[in-house]
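Asker: quick one, fold the following:
(chains A and B)
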2 protein chains.
Amino acid sequence: MPRWEPDARERLVAAALQLFSEQGYDATTVAEIVDRAGLTKSTFFRHFPDKREMLAAGQETLCRLLGEGISAAPPGVTPLGAVAAGLERAAGAMTSFNRELGPQLRAIIATSSELQERDMLKRVGMAAAMAAALRDRDVADLVATLAAELGVLAFKEAYAEWVADNDEQDLARLARAALERLHAMLPQLG
Amino acid sequence: MPRWEPDARERLVAAALQLFSEQGYDATTVAEIVDRAGLTKSTFFRHFPDKREMLAAGQETLCRLLGEGISAAPPGVTPLGAVAAGLERAAGAMTSFNRELGPQLRAIIATSSELQERDMLKRVGMAAAMAAALRDRDVADLVATLAAELGVLAFKEAYAEWVADNDEQDLARLARAALERLHAMLPQLG
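Answerer: Numbers count the residues shown, from 1 in each chain, chains lettered A, B, ... in the order given. Next up, the predicted model:
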């Protein structure tokens, strides 16, 4: 068995973000990314299928945690209560690495329509994972879809606050608060 | 000025759908599509940037109509009331061509992850167009986003009913009814 670099994934993402900032996303090759990270192409491809997927890295884990948190919520909990449990579970897995790279990531995504597409698909994937876990709790299909959309919005809001804020607030708490704000807004719809 | 085929766009889409059904999306080339349609590649590229975009054809028009309908809604109308006006405007532009090709289109999208991605992005685009038009009516940012998500869900529900139903129901009426059903479900969220 080869000895795996435990932090190879983070090193590759950090190197890629540096290069994307310096010379643009389109102009950067996988070869340059592995050079900068001091790793090999085969290590890269153990972690990512291609350059685009790097910036959606963690999506699978995030979706799994969102689903697990929803499934583990107590039986009597409302759909939004279950979503809050999912957000808390996922938020707990976000590290200071996620927090520090957040602004850089946003800036790079804003430069490329390919990355913007990938980012939107990441959100669609998160919503699908939450809706599936809610349906498994016998939440009606459309109610599950709606609750999941609220969950994605709350996570996005909370993440933006977390990254922007200097006080190192707790992401899980921010996510729950954002979901409550969204819930309180529903009567304004019509 | 060249004489434009008034129905070239529809002929290209119909030919593409036939070929995708017969031999798969990936295996079909633009050259085969234009051959089948009895048109030229230059006609194809006047209408579509590439094969993938064919199946999201009409997205721009749809988004424009959604936005126009929302902008034209009377001033006192609620956010969801404005969304209903947008859906009605967009629904009015859907023809029997859209209705007949609907099931074929669904079946082909289900075969390709590339097309599924494109389809999800189409929905993201529709939501963005509605949310922007709502914000222009001074609807608060998150309320606009939520109302737009409900609009996309309602349109999707109504479209599925319209395509599946043999009674040629009115799509605009179906969309308004779907939005009302979604609205009535909100208290179930939590």
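Asker: ok, and what's touching stretch A:42-49?
Answerer: Stretch A:42-49 has contacts (CB atoms under 8 Å, 6 or more residues apart in numbering or on different chains) with A:5, A:8-9, A:12, A:30, A:33-34, A:54, A:57. C-beta: built from backbone N, CA, C; applies to glycine.
Asker: let's see it at 10 Å
Answerer: Applying CB atoms under 10 Å, 6 or more residues apart in numbering or on different chains, the external contacts of stretch A:42-49 come out as A:2, A:4-5, A:8-13, A:15-16, A:30-31, A:33-34, A:37, A:39-40, A:50-51, A:53-57.
Asker: domain assignment for chain A?
Answerer: A:8-51, A:55-189 (automatic domain parsing).
Asker: okay if I get those as CSV plus mean neighbour count and mean pLDDT?
Answerer: Listed next are the domains of chain A as CSV, based on neighbours: other CB atoms under 10 Å in any protein chain shown; pLDDT from 0 to 100:
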stretch, mean neighbour count, mean pLDDT
domain A:8-51, 17, 92
domain A:55-189, 19, 92
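Asker: chain A: helices as residue ranges?
Answerer: For chain A, applying DSSP state H gives helices covering A:8-23, A:30-37, A:41-47, A:51-54, A:59-72, A:79-92, A:96-109, A:113-136, A:141-164, A:171-185.
Asker: right, so of these, which gets closest to B:Asn166?
Answerer: Proximity to B:Asn166 (CB to CB) singles out helix A:141-164 among these, at 23.4 Å.
Asker: run the contact check for the closest one versus chain B.
Answerer: Yes - judged by CB under 10 Å from any CB of the partner chain, helix A:141-164 and chain B are in contact via A:142-147, A:149-150, A:152-154, A:156-157.
Asker: that helix versus helix A:79-92: what angle between them?
Answerer: 40 degrees (axes from the mean of the first three to the mean of the last three CA atoms, to 10 degrees).
Asker: hey, C-alpha coordinates of helix A:141-164 in PDB?
Answerer: Taking C-alpha atoms only, helix A:141-164 is exported to PDB below (Å, rounded to 0.1, in the frame of the first residue of the first chain):
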ATOM      1  CA  ASP A 141     -42.900  15.000  -1.600                       C
ATOM      2  CA  LEU A 142     -43.500  18.700  -2.200                       C
ATOM      3  CA  VAL A 143     -43.200  19.600   1.500                       C
ATOM      4  CA  ALA A 144     -39.800  17.800   1.500                       C
ATOM      5  CA  THR A 145     -38.700  19.700  -1.600                       C
ATOM      6  CA  LEU A 146     -39.700  23.000  -0.100                       C
ATOM      7  CA  ALA A 147     -38.100  22.300   3.300                       C
ATOM      8  CA  ALA A 148     -34.900  21.200   1.500                       C
ATOM      9  CA  GLU A 149     -34.800  24.500  -0.500                       C
ATOM     10  CA  LEU A 150     -35.200  26.400   2.700                       C
ATOM     11  CA  GLY A 151     -32.300  24.400   4.100                       C
ATOM     12  CA  VAL A 152     -30.000  25.200   1.200                       C
ATOM     13  CA  LEU A 153     -30.800  28.900   1.500                       C
ATOM     14  CA  ALA A 154     -30.200  28.800   5.200                       C
ATOM     15  CA  PHE A 155     -26.900  27.100   4.800                       C
ATOM     16  CA  LYS A 156     -25.800  29.600   2.200                       C
ATOM     17  CA  GLU A 157     -26.800  32.500   4.400                       C
ATOM     18  CA  ALA A 158     -25.100  31.000   7.400                       C
ATOM     19  CA  TYR A 159     -21.900  30.200   5.500                       C
ATOM     20  CA  ALA A 160     -21.600  33.700   4.200                       C
ATOM     21  CA  GLU A 161     -22.000  35.100   7.700                       C
ATOM     22  CA  TRP A 162     -19.500  32.600   9.100                       C
ATOM     23  CA  VAL A 163     -16.900  33.500   6.400                       C
ATOM     24  CA  ALA A 164     -17.400  37.200   6.700                       C
END
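Asker: for it, packing partners?
Answerer: On a contact count with 3 or more CB pairs under 10 Å, 6 or more residues apart in numbering or on different chains; DSSP states H and E, helix A:141-164 meets helix A:59-72, helix A:79-92, helix A:96-109, helix A:113-136, helix A:171-185, helix B:141-164, helix B:171-185.
Asker: and these: which comes nearest B:Ala85?
Answerer: Closest approach to B:Ala85 among the helices and strands packed on helix A:141-164 (CB to CB): helix B:171-185, 9.2 Å.
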